[in-house]
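A.B. asks: Requesting a structural model of the entry that follows:
(chains A, B, C, D, E and F)
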4 protein chains.
Amino acid sequence: MVNVKNNTATQETKRKLIDAAGEVFAEVGYERATIKEITDRAGVAIAAVNYHFSDKQELYYQVVRHAHEACTNGVRSLEQECEGCTPEQRLRRFIETILRQSMDDSLPVWRGMLLSREMHRPTAATDRFIEETLRCYVTAIEALLAELFGGPVEREQMWLLANSVMGQCFIYPHKKEILARLYPDLAPVADRIPLIADHIARSTVATARAMQEASHRPAAPPAPVG
Amino acid sequence: MVNVKNNTATQETKRKLIDAAGEVFAEVGYERATIKEITDRAGVAIAAVNYHFSDKQELYYQVVRHAHEACTNGVRSLEQECEGCTPEQRLRRFIETILRQSMDDSLPVWRGMLLSREMHRPTAATDRFIEETLRCYVTAIEALLAELFGGPVEREQMWLLANSVMGQCFIYPHKKEILARLYPDLAPVADRIPLIADHIARSTVATARAMQEASHRPAAPPAPVG
Amino acid sequence: MVNVKNNTATQETKRKLIDAAGEVFAEVGYERATIKEITDRAGVAIAAVNYHFSDKQELYYQVVRHAHEACTNGVRSLEQECEGCTPEQRLRRFIETILRQSMDDSLPVWRGMLLSREMHRPTAATDRFIEETLRCYVTAIEALLAELFGGPVEREQMWLLANSVMGQCFIYPHKKEILARLYPDLAPVADRIPLIADHIARSTVATARAMQEASHRPAAPPAPVG
Amino acid sequence: MVNVKNNTATQETKRKLIDAAGEVFAEVGYERATIKEITDRAGVAIAAVNYHFSDKQELYYQVVRHAHEACTNGVRSLEQECEGCTPEQRLRRFIETILRQSMDDSLPVWRGMLLSREMHRPTAATDRFIEETLRCYVTAIEALLAELFGGPVEREQMWLLANSVMGQCFIYPHKKEILARLYPDLAPVADRIPLIADHIARSTVATARAMQEASHRPAAPPAPVG
DNA sequence: AATGAATGAGCCTTCATTCAT
DNA sequence: GATGAATGAAGGCTCATTCAT
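C.D. replies: Residues are numbered from 1 along each chain as shown, chains lettered A, B, ... in the order given. Purely as a prediction, here's the structure:
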């Protein structure tokens, strides 16, 4: 029982540290975050970080790991929810999920911010998680696009389409502050998530369809735009 | 002549410092960058930073300022070049310019990387520049879209389209390393800039046209995708 | 007991630092004093200053505070000792105490030196303490002079007398080295403290008496000396 | 003529430097004074200090030298002025001169402040000047006291009296700020120089007379005060 | 298990001084 | 004669980490 109790206490302290660290890392980044600030917010001693985690790096690793798992879990549970829907509907739902995961204030605020930081420039210790997170997204997108096409898609076209989807999605959370400055009358973005998801989904479907048609008429490729 | 020479020498040292600082800041970010590393690369004494600029912050400010000016100048000169082209051509050229400015290896490598960092999370000292840089892009994009539409565009639709263009463009430079990991067979991206520009331009034009049509047939709005 | 022990250890280190800092500050002044010299003398790590005090300024503040308290405590305990004595005796004892506090080698040497520095030009952070220290002296002197007069004294006369007492006292500690150079045969001054106290007390009493008489014969003021 | 002109220019620059340095040294002390601040106030290049004087120390030396000479010259010219006066009158004039030299605002402000700093703790480079300055004062005082006594004075008594005079004088300039705090209603002191000089002179004469009488009646020494 | 005390490495900055012109 | 550019030495401070308890 002592072990159980201690374990519980330990887990509690670790959780408090991860939450506090998540906030601080998200707010000021890895370098500017100080262990003192984190332990102060968590209400524990400064030596607790080195005690429960081995060092600052490892704490950061665990924090990113938590955010990563929350995101991939979100995508997997979405796949189950949408089993009966059309490909177009599933694409739209998926896009909306990405947007919500990184901007919805009902989720822990720091999660999206932190992954935003990390996606932009992953740390050596965390790039695997980040890669996995994005790969989780990409795999889902590719599956959806394959369904849209109704058959195999050429790799380069898949690449272009997937990048376009992710690019259009991530600009909203990852350049949040700048967008708010450029279009102050259209902030906050979180309120327009359905509108955005609709736009991206439509555009993607239309572009995919156009690609499909073009590839079926190889004899007469459309003239380049520029 | 003495003044001229001295000025030249001063400018020379300042330039060496800005170049070296640009590299280092781009590589490891503001916090991890040390003045010693910068002055070592520039081949000057460590106190030179304090002499020519007042402190690390101001050096950083000047570095971002330089990158900012190079980018906005690039956009402006592009506008002159494309005076006789169709809107579609100009859009494609513009997209290609954004992509080249941030990925082309013939330009100072650090410029794109640094602005990438900054756009993601602008520093207090630099947010004005970053905002201006992006506003320069946005203004150009909006003008092109207005031409495409052949008339005024509703603000929210303009916002969605402009964000889509920027999102699709910036994902390539700003998530460069992650994309290389997700699609190792399609790296390096720099070699595919024309292809990407073509894709984004087509997609944008098609989406814009679709919007235009939809707004002309308000009686029968297309059913939502999802 | 753990807390008690830790507290003791902390207090011990702080005390060592304050003692070492007192010496160094007294010897070379605030600016020339280096934290390294202080921590070396105290036998602790250089970062200990920042840990126990926040910075060099705060350490200095605490050092001055200690010296201040020792001095004011000395004056207060003296007042209790001399309860039954005549005003003349008490004035003499008081003067001797001032002299001893700043020159007696049996007290921590740096205390007098440090206050000497501070009295000459108080730091922004310490002028309150210095003012209090001197005010403690002045209040005691004024009380003694009022007793000597046997009634209220005109403020300007009180001012002249108190300044004269303090001036005659402080010249010995505050211009110690120069006096040693001017009168090498009469050094060290510490051995002559009783003689000096006797001289200053006599002179003060005589001057006070003369003032008193003069004010009782306002009709025939004594001709100015010069 | 070129040499003459150059010499004149050189002297002019040196003078500007000494004046500016005097101000700065007086305001913030040797350590906190920076060469840049001095050369900025003097309106010359930063390298001028090392060019005209060899280093900061030497500049300081010259500044103190100037102040020293001004003071000793003042005492010497006073001696000539007062040739026909009584010893009492000359003592009073002398005291007034000391007070004016260190507090009168019509003189270069920094002179008194700087010597005040130096007297309190002479620098290795300047203690000779300071000693000379004070010795100049002491010699004059001793001569005046000898006249007052009308014959030779025992060395220890001379020491006590001279110290008392100097102590009473120097407390006003050297503890100026603190006195202003302790007696805010009696500031500024400069306006009360005649009153102070009168008080010190009277007190000194009276004390000297008392000493004289005591030494003439060795059979019945006065009982100690305390 | 958990903590407060203490540390060492490293960074930014200041400043007197030098050197080429 | 005089200067602006440039430097090297040194200091204060921060911070992650360790250790005794």
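A.B. asks: Mind giving me the packing neighbours of whichever helix in chain A runs longest?
C.D. replies: The longest helix of chain A (DSSP state H) is helix A:2-32. Identification of packing neighbours for helix A:2-32 by 3 or more C-beta pairs under 8 Å, 6 or more residues apart in numbering or on different chains; DSSP states H and E yields helix A:35-42, helix A:48-52, helix A:56-81, helix A:109-120, helix B:2-32. Placement of C-beta: from N, CA and C, glycine included.
A.B. asks: same thing but at 6 Å, please
C.D. replies: With contacts taken as 3 or more C-beta pairs under 6 Å, 6 or more residues apart in numbering or on different chains; DSSP states H and E, helix A:2-32 sits against helix A:35-42, helix A:56-81, helix A:109-120, helix B:2-32.
A.B. asks: Quick one, which of the ones you listed gets closest to C:Gly112.
C.D. replies: With C-beta to C-beta as the measure, helix A:35-42 is the member of the helices and strands packed on helix A:2-32 nearest C:Gly112 (39.3 Å).
A.B. asks: Check whether the closest one comes near chain C.
C.D. replies: No. Using C-beta under 6 Å from any C-beta of the partner chain, helix A:35-42 stays clear of chain C, with a minimum separation of 11.7 Å.
A.B. asks: Output that helix as CSV, restricted to C-alpha atoms.
C.D. replies: Extracted C-alpha coordinates of helix A:35-42, given in CSV (Å, rounded to 0.1, in the frame of the first residue of the first chain):
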residue,chain,number,x,y,z
ILE,A,35,12.9,25.3,-14.1
LYS,A,36,12.1,27.7,-11.2
GLU,A,37,9.1,29.2,-13.0
ILE,A,38,7.8,25.7,-13.7
THR,A,39,8.2,24.4,-10.2
ASP,A,40,6.8,27.6,-8.8
ARG,A,41,3.6,27.2,-10.9
ALA,A,42,3.4,23.5,-10.0
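A.B. asks: Show the low-confidence segments of chain A, by residue range.
C.D. replies: Scanning chain A with the threshold set as pLDDT under 70 gives A:1-7, A:9, A:217-226.
A.B. asks: Show me what from it comes close to chain B.
C.D. replies: So chain A meets chain B at A:31-32, A:88-89, A:92-93, A:120, A:131, A:134-135, A:138, A:159-160, A:163-164, A:166-168, A:171, A:178, A:181-183, A:186, A:199, A:201-203, A:206-207, A:210, A:225-226 (C-beta under 6 Å from any C-beta).
A.B. asks: Out of these, which end up buried?
C.D. replies: The neighbour count (16 or more other C-beta atoms under 10 Å in any protein chain shown) marks A:88, A:92-93, A:120, A:131, A:134, A:138, A:159-160, A:163-164, A:166-168, A:171, A:178, A:181-183, A:186, A:199, A:201-203, A:206-207, A:225-226 as buried among those.
A.B. asks: measure A:Glu88 to DNA strand F for me?
C.D. replies: A:Glu88 sits 48 Å away from DNA strand F, taking C-beta to the nearest atom of the strand, to the nearest Å as the criterion.
A.B. asks: Can you point out the helix or strand that includes that residue?
C.D. replies: helix A:87-103 (DSSP states H and E).
A.B. asks: and the angle for that helix with helix A:56-81?
C.D. replies: Relative orientation of helix A:87-103 and helix A:56-81, computed by axes from the mean of the first three to the mean of the last three C-alpha atoms, to 10 degrees: 150 degrees.
A.B. asks: Just list what helix A:87-103 packs against, helices and strands only.
C.D. replies: helix A:56-81, helix A:127-149, helix A:155-174, helix A:193-216.
A.B. asks: Check those helices for me and report the most buried one.
C.D. replies: Most buried of these by mean neighbour count (mean count of other C-beta atoms under 10 Å in any protein chain shown) is helix A:155-174; its value is a mean of 23.
A.B. asks: Run the chain-centre distance for it.
C.D. replies: With C-alpha atoms, centre = their mean, to the nearest Å as the basis, helix A:155-174 stands 12 Å off its chain's centre.
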